[in-house]
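> What shape does this take:
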Amino acid sequence: MDYGTVISRAFEYTKDALVGKWMQWIILAVLSLVQALTLSLVPLLSGYAVRVLGGKTPAPEIDQWGKLFIDGWKMNIIMLIYMLPAIIVFLVLGGIGAIGLFASEAAGGDPAAAGVAALSLLGGFLLAGLIAIIMAFIALFAVLRFAHTDSLGEAFYFGAILGHIGKLGWGTWIIAVIVLLVVAFIYSFVVGLLVSIPFLGWIIVLFLNAAFVVFYSRYLAQVYEDTPAPA
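Reported below is the predicted structural model:
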């Protein structure tokens, strides 16, 4: 896969979607602010991202507000469910470690018991982190399948999801996500510089955030569509 071409096409898609269509860009910037202030409880921007992730070209209009809200929440639900294994592992092992530390303190601070408890806590954190990374790669693909089929159930069709990733190539998918993370890191650095500008910097960042959502959604949609999805 030519990742440079994918990035270039995603950039052109974003430019065509927003430059010259200022009202659409303003609305997306406002949705970015609303979603941030509500901690994604009003995920209208995510709902719009679902449309772009679904491969719609040219960029879709901002309409059907109820569906935007519902699709945004469906994305939230998909990501939460896929992260449950990591959450459970952390709560179980971390909880055991935390209980052990409290018990050790109550018993007068037994160093051996405290060491075992600390290892359990650290092990839970590391294992949960590893599981979260693995599940994040699958969850992201599940969201793409949901966006393309408009079916929440398809996001949990594990055989088809793993089969599609296999056809695309695990290496291709992992590298694609890593490339996007590098782009996101560069973007975050630029945003960090801009927010230092009083007031105006934050306004610019809101517009850039909206554009970046369109960009990364289109980028991922192209990667997903590189190989036909299994039935």
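> What is the neighbour count of residue 10?
Close neighbours of residue 10, defined as other Cβ atoms under 10 Å, add up to 23. (C-beta placed from N, C-alpha, C; glycine too.)
> quick one: contacts for it?
Residues in contact with residue 10, defined by Cβ atoms under 8 Å, 6 or more residues apart in numbering, are 215, 216, 218, 219, 222.
> what does residue 53 give?
Contacts for residue 53 (Cβ under 8 Å, 6+ apart) come out as 143, 144, 147, 148, 217, 220, 221, 224.
> Relative to residue 154, how far out is the fourth one?
When distance is defined by Cβ to Cβ, to the nearest Å, residue 148 is 8 Å away from residue 154.
> Same check on the fifth one?
Using Cβ to Cβ, residue 217 is found at 18 Å from residue 154.
> Counting neighbours, go ahead and name the busier of those two.
Between residue 217 and residue 154, residue 217 has the larger neighbour count (other Cβ under 10 Å), namely 27 against 16.
> How much space separates residue 34 from residue 68?
Distance, residue 34 to residue 68, by Cβ to Cβ: 11 Å.
> what's the overlap in contacts for these two?
Residues touching both residue 34 and residue 68 by Cβ under 8 Å, 6+ apart: residue 44.
> Those two: which has the busier surroundings?
Shown here are residue 34 and residue 68; by other Cβ under 10 Å, residue 68 has more neighbours (22 against 15).
> how much distance is there from the longest helix belonging to the chain to the middle of the chain?
Using DSSP state H, we find that the single longest helix of the chain is helix 65-106. Mean-position distance between helix 65-106 and its chain equals 15 Å (Cα atoms, centre = their mean, to the nearest Å).
> by contact count, what packs against it?
Judged by 3 or more Cβ pairs under 8 Å, 6 or more residues apart in numbering; DSSP states H and E, helix 65-106 is in contact with helix 44-53, helix 111-149.
> tell me the most buried of those helices?
With neighbours taken as mean count of other Cβ atoms under 10 Å, the helices and strands packed on helix 65-106 reach their highest mean count in helix 44-53, at a mean of 25.
> which regions of the chain lie under the pLDDT threshold?
Scanning the chain with the threshold set as pLDDT under 70 gives 97, 100-117, 231.
> swap the cut-off to 80 and go again
Filtered on pLDDT under 80, the chain yields the residue ranges 93-121, 230-231.
> nearest to residue 17, of the contacts of residue 53?
Relative to residue 17, the closest of these is residue 217; by Cβ to Cβ it sits at 10.2 Å.
> so what's the residue most central in space within the chain up against?
Centroid check for the chain by Cα atoms, centre = their mean gives residue 140 as the closest residue, at 6.6 Å. Applying Cβ under 8 Å, 6+ apart, we find residue 140 in contact with 177, 220.
> how about a cut-off of 7 Å?
Going by Cβ atoms under 7 Å, 6 or more residues apart in numbering, residue 140 touches residue 177.
> That one and residue 155, how far apart?
In terms of Cβ to Cβ, residue 140 sits 11 Å off from residue 155.
> And for residue 50?
The spacing between residue 50 and residue 155, counted by Cβ to Cβ, is 11 Å.
> Residue 88 too?
According to Cβ to Cβ, residue 88 and residue 155 sit 19 Å apart.
> Who are the contact partners of residue 143?
When contacts are counted by Cβ under 7 Å, 6+ apart, residue 143 is found next to 53, 75, 78, 155.
> got those residues as JSON lines, with distance to residue 166 columns?
Shown next, in JSON lines, are the contacts of residue 143 (distance: Cβ to Cβ, whole Å):
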{"residue": "53", "distance to residue 166": "20"}
{"residue": "75", "distance to residue 166": "24"}
{"residue": "78", "distance to residue 166": "20"}
{"residue": "155", "distance to residue 166": "17"}
